[in-house]
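*Asks:* Provide a 3D model corresponding to the input given below.
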Amino acid sequence: MSGMYAHAIINTMIRITTLVTEEVYKRFSWAILVRRKGFVLYIIILIIGLFTYVMFSPLEKKIISIILAPPIFASMYYFGMNYQIKRAYQKNPLFQNMEVTLIFDREAFIARNIRGEFRYTYDDIVKVIMTKQDFYILIGENTGFAIEKENCSPEALEFLLELHIEHM
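*Replies:* Here you go, the predicted model:
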């Protein structure tokens, strides 16, 4: 049974509250984006395109292309994605500064916010992503919950680390 080890370590309920600010939403979106297969494919196509251009251009254009093109394309992509993420957050007032409380027990976890309460089993977890600042519990390809590590007790951090290992 999935989730057996991680939720077996819970002696009492673990409660973690996160305020979904624009910054939290942006980190969540980037964490999902860079782990997508499409992202890697995009980078590979970009490298192949640049390599092809360099192979068929005159020497002076090759040098300029190798030096300038990668940072220009990377910057354009980064700022373009940040703009799209910011717009998505601003266009969805349901998520703006919403406080989400996750309550974990032995059998399941509950996500509680102003819109209601939703119960999930540990088998509903598709993936748990851990970054320097956050944990992200995904219950779908693009759907999940952000948890800022700074809001976690030592017990909660230990539990989330086990959950991450189990659902990598």
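*Asks:* name the helices or strands packed onto whichever helix in the chain runs longest?
*Replies:* If each helix of the chain is counted by residues according to DSSP state H, the longest one is helix 59-91. Helix 59-91 makes packing contacts with helix 22-33, helix 37-55 when contacts are defined by 3 or more CB pairs under 8 Å, 6 or more residues apart in numbering; DSSP states H and E. C-betas here are computed from N, CA, C, even on glycine.
*Asks:* Single out the most deeply packed of the ones you listed.
*Replies:* When those are scored by mean count of other CB atoms under 10 Å, the highest mean neighbour count falls to helix 22-33 (a mean of 18).
*Asks:* List the residues that contact the most centrally placed residue in the chain.
*Replies:* Most central in the chain under CA atoms, centre = their mean is A31, positioned 3.1 Å from the mean C-alpha point. Contacts of A31 were listed using CB atoms under 8 Å, 6 or more residues apart in numbering, and they are 129, 131, 134, 136.
*Asks:* What of P154?
*Replies:* P154 neighbours (CB under 8 Å, 6+ apart): none.
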